[in-house]
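model this:
(chains A, B, C and D)
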Protein chains: 2
Amino acid sequence: MKSEQRKSEADPRGGAEPASYSISDLAKEFGITTRAIRFYEDKGLISPARRGQTRIYRPEDRVRLMLILRGKRLGFSLDESREIIDMYDPEHGNVEQLQRLLQHIEQKRTQLQQQLRDIQSLMGELDEAEARTRASLAKNKEH
Amino acid sequence: MKSEQRKSEADPRGGAEPASYSISDLAKEFGITTRAIRFYEDKGLISPARRGQTRIYRPEDRVRLMLILRGKRLGFSLDESREIIDMYDPEHGNVEQLQRLLQHIEQKRTQLQQQLRDIQSLMGELDEAEARTRASLAKNKEH
DNA sequence: CTTTACGTTTACGTTAACGTAAAGCTCTGC
DNA sequence: GCAGAGCTTTACGTTAACGTAAACGTAAAG
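Numbering: from 1, shown residues only, chains lettered A, B, ... in the order given. The predicted model follows:
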C-alpha cells in the first residue's frame, strides 16, 4: 500500500469529497497547527471520531472547523463561536431555552449589523487614505 | 466655582462640542475603564495633553479612541488599529514608505471584503437558525 | 531491525489586553 | 482643617488562545 492509509480515507466515488480526514490534513488545508485543532476539541467545539487513539475527522467536523475559523475572522472568541454553532440544532427541546436562543440570535444579528456599519465606514476611510497617499506620492515625484 | 472645573472644559459656544474631556468623561461615554484608556496611551495609540500631571483629552483624542473601539468591534488587535490610524496622515514623506502604505491599505481592504462575505453568510445562517427554532417551538406548543 | 513519518498525552511557557489593588497628590465643599 | 472625589504612578494578577517541548506509541519503508 502506498502510504495512503494515514491520510484521507479512500474515496469510492469520482473524487468529490473524502469520507474522512487526518488531523494534519485539516491543519494543512486551513493553514493552522494540529495543536490548535486539538485545543478546539479541548474546548468542546469539535469531537471527532477515533480509531484507537487516532482522531478521525468527518466532513461535518470539517464544517465545524470552518465555522470556528470564520468566527475568528470576525473577531469572535471560541466561546462565542461555540454559541453560534450551537444555534444550528434546536434539539434543546425546552421551550424556555428556545426562547433564549431566539434572543441570542437576535442579539448576534444586531452585533453583525454594527460590524457591517463599521466595515462600510472603514472602507470609505481607506479610500480617502489611499487618495491622500497617492497625492502625497505625486508631490514627491513632481520634484 | 461649581465643580465644573474638573469635568469638561467650559464651552464658550452654544453647547455643541466640549473643547476637552477628562479621562473619566471618556470612560463613561464609551463604557470602558480609565485603566483601558491609559493602557492605550501606554501602547502609543493616544497621547493626550497634560495640565500638570492630569491628562486632558481634546476632540481629536476622542476620535482616536473611537477608532480604536471600532477596531476592537472588528476584531483588530491594538497594533492593527494603530496601523490603521497611522494611515490617516501620509506625512511619512518617504516614497518607499508611501508605497508600502498603499500595499497595506489594499491588504486591509481585502480583509474587510472577506469579513463582509463572512457576515453575509452568517446572517443568512442566522435566518435559517431562527426559522428552525421557531419551527421547533411550534412543535412544542402544538402538543 | 532501525529509521522515518505521523500520531498521542502531559505540561509548562507566552502574548495581548486589560483588572485590581496600593499608595499617594490636589482641589473643593463644609 | 479635614473629608471626599478624582486624578496619578507602580506593580502584580488574570484570561484566552494557543506555542513549544518532552516522552511515548505505531506502522510502513528501506
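
pick out the residue nearest the middle of chain A.
With distances taken as CA atoms, centre = their mean, the residue of chain A nearest its centroid is A:Leu69 (2.2 Å).

so that residue touches A:Phe30, yeah?
Yes. Under the contact definition of CB atoms under 8 Å, A:Leu69 touches A:Phe30, with a separation of 6.1 Å. Bear in mind the C-beta positions are built from the backbone N, C-alpha and C, glycine included.

SS state for the residue in chain A positioned nearest to chain B?
Here the residue of chain A nearest chain B is A:Gly75; by CB to the nearest CB that distance is 1.8 Å. Three-state assignment for A:Gly75 (DSSP: H, G, I helix; E, B strand; the rest coil): coil.

any idea how chain A splits into domains?
Using automatic domain parsing, the domains assigned to chain A come out as A:16-75, A:89-143.

pLDDT averaged over the first one - what is it?
Pointing back at domain A:16-75 there. If you average the pLDDT over domain A:16-75, you get 96.

now do the end-to-end distance for it.
Between the start and the finish of domain A:16-75 there is a gap of 32 Å, counting by CA to CA, to the nearest Å.

can you give me the strands for chain A?
Defined through DSSP state E, the strands belonging to chain A, from first to last, are A:49-51, A:54-56.

can the last one be found next to DNA strand C?
Put plainly, it is strand A:54-56. Yes. For strand A:54-56 and DNA strand C, the contact criterion (CB under 7 Å from any atom of the strand) is met by A:Thr54, A:Arg55.

can you give me the buried ones in that strand?
If you call a residue buried by 16 or more other CB atoms under 10 Å in any protein chain shown, then strand A:54-56 has these buried ones: A:Arg55, A:Ile56.

okay, now the sheet partners of it, with direction.
strand A:49-51 (antiparallel) (DSSP bridges).

got the residues of chain A near DNA strand C?
If contact is defined as CB under 7 Å from any atom of the strand, the residues of chain A in contact with DNA strand C are A:Arg6, A:Ser22, A:Ile23, A:Ser24, A:Asp25, A:Thr34, A:Arg35, A:Arg38, A:Gln53, A:Thr54, A:Arg55.

let's see it at 6 Å
A:Arg6, A:Ser22, A:Ile23, A:Ser24, A:Thr34, A:Arg38, A:Gln53, A:Thr54, A:Arg55 (CB under 6 Å from any atom of the strand).

the third one reaches A:Arg35, doesn't it?
No. Applying CB under 8 Å as the test, A:Ile23 and A:Arg35 come out as separate, 9.8 Å apart.

and the two? which has more neighbours close in?
Under the neighbour definition other CB atoms under 10 Å in any protein chain shown, A:Ile23 and A:Arg35 were set side by side, and A:Ile23 has more, 18 against 10.

any idea what sits nearest the more buried one, other than its immediate chain neighbours?
Nearest non-adjacent residue to A:Ile23, counting by CB to CB, 6 or more residues apart in numbering or on different chains: A:Thr34, 4.9 Å away.

surely the one you found is in contact with A:Asp25?
No. A:Thr34 is beyond contact range of A:Asp25, at 10.1 Å (criterion: CB under 8 Å).

ok, which stretches of chain A are helices?
Chain-ordered helices for chain A, with DSSP state H as the definition, fall at A:23-30, A:34-42, A:59-73, A:78-86, A:95-142.

the fourth one vs helix A:34-42, what angle?
Between the direction of helix A:78-86 and that of helix A:34-42, the angle (axes from the mean of the first three to the mean of the last three CA atoms, to 10 degrees) works out to 60 degrees.

next, the buried residues of helix A:78-86.
Of the residues in helix A:78-86, those buried under the neighbour-count criterion (16+ other CB under 10 Å) are A:Leu78, A:Ser81, A:Arg82, A:Ile84, A:Ile85.

next: the third one.
Of the residues in helix A:59-73, those buried under the neighbour-count criterion (16+ other CB under 10 Å) are A:Asp61, A:Arg62, A:Arg64, A:Leu65, A:Leu67, A:Ile68, A:Leu69, A:Arg70, A:Gly71, A:Lys72.

which among the domains of chain A is found nearest to B:Lys141?
Closest approach to B:Lys141 among the domains of chain A (CB to CB): domain A:89-143, 7.6 Å.

any part of the closest one near chain B?
Yes. For domain A:89-143 and chain B, the contact criterion (CB under 8 Å from any CB of the partner chain) is met by A:89-90, A:93, A:95, A:98-99, A:101-102, A:105, A:108-109, A:112, A:114-116, A:118-119, A:121-123, A:125-126, A:129-130, A:132-137, A:140-141.
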